[in-house]
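Asks: Return a 3D structure for these sequence lines:
(2 chains)
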Number of protein chains: 2
Amino acid sequence: MNSAEELGERGVIETILRYLELPSNMPISFGDDVSALDVGHGKLAVIKTDMLVGRTDVPSGMSFWQGARKAVVMNISDLAAKGVQPIAILASLGIPRGLTKKDIEEIGKGLNAGAREYNAYVLGGDTNEASDLIISCTAFGTCRKQFIMKRSGAKPNDIVAVTNFFGKTSSGLKILLEKLSAPKKLEKLLVDSVLMPQARLKEGLALVQTGAVTASIDSSDGLAWSLHALSRASNVGFHIDNLPIARETEEFAKIHNLDSMELCLYGGEEYELVLTINPKFWEKAQDAVLHVGGLLIRIGTATKEKTLIFKINSKTLEIEPRGWEHFKTD
Amino acid sequence: MNSAEELGERGVIETILRYLELPSNMPISFGDDVSALDVGHGKLAVIKTDMLVGRTDVPSGMSFWQGARKAVVMNISDLAAKGVQPIAILASLGIPRGLTKKDIEEIGKGLNAGAREYNAYVLGGDTNEASDLIISCTAFGTCRKQFIMKRSGAKPNDIVAVTNFFGKTSSGLKILLEKLSAPKKLEKLLVDSVLMPQARLKEGLALVQTGAVTASIDSSDGLAWSLHALSRASNVGFHIDNLPIARETEEFAKIHNLDSMELCLYGGEEYELVLTINPKFWEKAQDAVLHVGGLLIRIGTATKEKTLIFKINSKTLEIEPRGWEHFKTD
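Replies: Numbers count the residues shown, from 1 in each chain, chains lettered A, B, ... in the order given. This is a model prediction of the structure:
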């Protein structure tokens, strides 16, 4: 008999999915970043739930305020990847007995801050006693049917793009969890990328309006994993020729003799958007993102062949279907 | 410094609420059974989240299938109390390492069963590792603006009514947790009321259409607590002259020399509706519920005076603001 531990997170999900009946006409496939429902008049209701567990999602060094804010932001990031403005957040809490009143105040402030940063409100929730700190948030928004970016529309020759350079959070986690060090300014920047994640909402909202995006996902499970998920959902491969390694990741990797490609591709907790874009509308898409103060970086091309490869220093390597694994703080 | 333990569940909620900003025009007040959002065209989106924690919400004797089903049903019950059909359920899971594949299959089946019983679907979710079993569900539905039953509309002279007799779950919990016994048939009925809760959805949907209901809440925190919550939200008192003690509760109380009033008023996990009804439309309301195979029992009257009292055997007693306290299985 397999245990949950042997099955792993994805094995548990697959086991549960086998028993779920699904309605016949879903506006967005099961397993996309969000769930969506047709509410009539050409509109979709879009909902997402994602749970933060203190033991695995809150590294040492992250405050209760930051943890609560992150629990909201990670849900907003999924709506951002679909191009949907979040309106309401619900927060279901599991509170360990030992928390102080001040800790709980920080959680309240962090939830509110996470929502208000993105023009949403925390409108409800539920509190329970639990062994771990649990902050299970639900984000809700609505959109016009044609203005949602799914995982499943990428076509061969589409441009693959991302909203930032990668590897800062995986470097930051090495500082927080493995106590690696870095010069002060660099260290702060890398650690902050973990403690204060940003959802790419203005980018997502700008991009959905262009009609240029053929597929989209958020990169919370790491760049490689996200590319694999887009590839599976869209039935294309990707040829990455411009690996978006952050300059700070290169610096950090050099200090500790780490592999910056590894940090870039196989990290996680990095809430960027990974998109495919119709090449005819590339400039329109780039202009839209620049206009809201964001970045849109071309990293490669979608291919008919279903392989995921990247080129670096004239070598061609496979992008492995490895993703973010929950880290342990103990 | 107060700890979470000293604050208690309601103290934790109040502490968090102090830091939440709220939008100015909410279709339903913060703290009602659900949150609602105006999605245009005269419609509301209605959402609710409620977390099941294995340690406190799953008594010994409840299977994983039953626990997962309950996690869904307790959310559906809140929509039922508002008269709103649930469409989608999301389930965020915290899975302890020791669970077997069979346990996880049972959770998948239970989630699906809970949703399908009420014509909803599990459309998404999230899985994590956690110390406790955590099943945090979100229920979503839509309704016309005028067809939602709030907590806040009760008027003096309205009839107070409930959808069933009370005290079966508190008796059943005494069997499951304190190992009290009862004759086989009675024991099964009382235990089943805990293991297989039913949401009063068809009753809620029938009642909202009558326009007869002035206020409504589900009784998951116990009858007394629910009456107090309605009283606070509507600014009325209640005079209860027909305490709805279940026959089975009387039987069980007699065997163990327990107070059946206590079991009726101060239990919990009993997912009935507690309603106030415009007396002009009482028959219409009762007919509507009977028509769908339900019960509507008049238990008293709303009063201008803000006191909550009940009469039994010519004695007048106060209904105390005590409610459901999480039980411990250890």
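
Asks: For the stretch 101-250 of chain A, what lies in contact range of chain B?
Replies: A:101-105, A:107-109, A:111-112, A:116, A:121-132, A:134, A:136, A:138, A:140, A:142 (CB under 8 Å from any CB of the partner chain). Where you see a C-beta, it was placed from the backbone N, CA and C, and this is true even at glycine.

Asks: go again using 6 Å as the cut-off
Replies: Proximity of the stretch 101-250 of chain A to chain B (CB under 6 Å from any CB of the partner chain) is limited to residues A:101, A:104-105, A:108-109, A:112, A:121-124, A:126-132, A:134, A:136, A:138, A:140, A:142.

Asks: can you give me the strands in chain A?
Replies: Counting by DSSP state E, the segments of chain A that form strands are A:35-38, A:43-53, A:86-95, A:121-129, A:134-144, A:159-162, A:213-218, A:237-240, A:273-277, A:297-303, A:308-312, A:315-318.

Asks: Point out the most buried one among these.
Replies: strand A:273-277 (a mean of 28; mean count of other CB atoms under 10 Å in any protein chain shown).

Asks: strands paired with that strand, and their directions?
Replies: strand A:159-162 (antiparallel), strand A:213-218 (antiparallel) (DSSP bridges).

Asks: okay, the ones you listed in a markdown table with mean pLDDT and distance to B:Glu248 next?
Replies: Formatted as a markdown table, the strands paired with strand A:273-277 follow (pLDDT from 0 to 100; distance: least, CB to CB, whole Å):
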| stretch | mean pLDDT | distance to B:Glu248 |
| --- | --- | --- |
| strand A:159-162 | 98 | 62 |
| strand A:213-218 | 98 | 52 |
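
Asks: Select, out of the ones you listed, the one closest to B:Ser152.
Replies: strand A:213-218 (38.5 Å; CB to CB).

Asks: Can you name the residues that contact A:Ser3?
Replies: Residues near A:Ser3 by CB atoms under 6 Å, 6 or more residues apart in numbering or on different chains: B:Thr100.

Asks: Low-confidence regions, the stretch 1-150 of chain A specifically.
Replies: Low-confidence segments of the stretch 1-150 of chain A (pLDDT under 70): A:1.

Asks: how near is A:Arg322 to chain B?
Replies: The gap separating A:Arg322 from chain B is 18 Å, by CB to the nearest CB, to the nearest Å.

Asks: next one: A:Leu17
Replies: Computed as CB to the nearest CB, the A:Leu17 to chain B distance reads 7 Å.

Asks: A:Leu180 too?
Replies: Distance, A:Leu180 to chain B, using CB to the nearest CB: 25 Å.

Asks: can you pull the contacts of the residue nearest the centre of chain A?
Replies: Geometric centre of chain A, nearest residue: A:Ser220, 2.8 Å, by CA atoms, centre = their mean. Taking CB under 6 Å, 6+ apart, we find A:Ser220 in contact with A:Tyr271.

Asks: Repeat the analysis, applying 10 Å as the threshold.
Replies: By CB atoms under 10 Å, 6 or more residues apart in numbering or on different chains, the residues touching A:Ser220 are A:33, A:50, A:74, A:77-78, A:81, A:169, A:197, A:199, A:226, A:268-272, A:323-324.

Asks: Out of the residues you listed, which sit inside helices?
Replies: A:74, A:77-78, A:81, A:169, A:226 (DSSP state H).

Asks: and A:Pro279, how many neighbours?
Replies: When neighbours are defined as other CB atoms under 10 Å in any protein chain shown, A:Pro279 has 16 of them.

Asks: One more: the one 5 residues further on?
Replies: Neighbour count of A:Lys284, defined by other CB under 10 Å: 15.

Asks: correct me, but it touches A:Ile159?
Replies: No: the pair A:Lys284 / A:Ile159 is not scored as a contact, 11.8 Å apart, by CB atoms under 10 Å.

Asks: list residues touching both of the two?
Replies: Both A:Lys284 and A:Ile159 are in contact with A:212, A:277-278, where contact means CB under 10 Å, 6+ apart.

Asks: before we move on, back to that, between the ones in helices among the contacts of A:Ser220, identify the one with the most neighbours.
Replies: Result: A:Ala81 is most packed of the ones in helices among the contacts of A:Ser220 (other CB under 10 Å), 35 neighbours.

Asks: can I assume it is in contact with A:Ile28?
Replies: No: A:Ala81 is beyond contact range of A:Ile28, at 11.7 Å (criterion: CB under 10 Å).

Asks: From A:Ala80, how far out is the residue nearest to the centre of chain A?
Replies: Distance of A:Ser220 to A:Ala80, given as CB to CB, to the nearest Å: 11 Å.

Asks: what's the overlap in contacts for these two?
Replies: Listed as contacting both A:Ser220 and A:Ala80 by CB under 10 Å, 6+ apart are A:33, A:199, A:271-272.

Asks: Out of those residues, which comes closest to chain B?
Replies: Ranked by distance to chain B (CB to the nearest CB), the shared contacts of A:Ser220 and A:Ala80 are led by A:Asp33 at 9.3 Å.

Asks: ok, now which ones touch the residue nearest to the closest one when sequence neighbours are not counted?
Replies: Nearest residue to A:Asp33, sequence neighbours excluded (CB to CB, 6 or more residues apart in numbering or on different chains): A:Asp78, at 4.1 Å. With contacts defined as CB under 10 Å, 6+ apart, the neighbours of A:Asp78 are A:32-34, A:46-50, A:84, A:86, A:139, A:199, A:204, A:217-218, A:220, A:271, B:124, B:126.

Asks: Please work out the average pLDDT along stretch A:231-239.
Replies: For stretch A:231-239, mean pLDDT rounds to 98.

Asks: what do you get for stretch A:170-182?
Replies: Mean predicted confidence for stretch A:170-182 is 96.

Asks: Next one: the nearest residue to A:Ala224 once chain neighbours are set aside relative to A:Thr301, how far apart?
Replies: Of all residues beyond its chain neighbours, the one nearest A:Ala224 is A:Leu265 (4.3 Å), with distances taken as CB to CB, 6+ apart. Using CB to CB, A:Leu265 is found at 17 Å from A:Thr301.

Asks: Point me to the residue of the stretch 151-300 of chain A nearest chain B.
Replies: A:Ser220 (10.9 Å).

Asks: can I see the domain layout of chain A?
Replies: Chain A breaks down into these domains under automatic domain parsing: A:4-144, A:159-318.

Asks: Kindly present these as TSV, with separate columns for distance to B:His239.
Replies: Conversion of the domains of chain A to TSV gives the following (distance: least, CB to CB, whole Å):
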stretch	distance to B:His239
domain A:4-144	31
domain A:159-318	52
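
Asks: Return the most buried member of those domains.
Replies: Taking mean count of other CB under 10 Å, domain A:4-144 is the most buried of the domains of chain A, at a mean of 22.

Asks: Any idea how far apart the tips of that one sit?
Replies: One end of domain A:4-144 sits 39 Å from the other (CA to CA, to the nearest Å).

Asks: quick one: that domain to chain centroid distance?
Replies: 12 Å (CA atoms, centre = their mean, to the nearest Å).

Asks: just stretch A:181-193 next, same as before
Replies: How far stretch A:181-193 lies from its chain's middle: 21 Å, per CA atoms, centre = their mean.

Asks: Name the residues that touch it?
Replies: Here stretch A:181-193 makes contact (CB under 10 Å, 6+ apart) with A:59, A:61-62, A:66, A:164, A:167-176, A:180, A:195, A:246-249, A:251-252, A:255-256, A:267, A:269-271.

Asks: at 7 Å what do you get?
Replies: A:61, A:168-169, A:171-172, A:175-176, A:248, A:251-252, A:255 (CB atoms under 7 Å, 6 or more residues apart in numbering or on different chains).

Asks: ditto for stretch A:209-219
Replies: Residues outside stretch A:209-219 that contact it (CB under 7 Å, 6+ apart): A:33, A:77-78, A:80-82, A:149-155, A:158, A:207, A:226, A:229-230, A:233-234, A:270-278, A:281, A:284-285, A:288.
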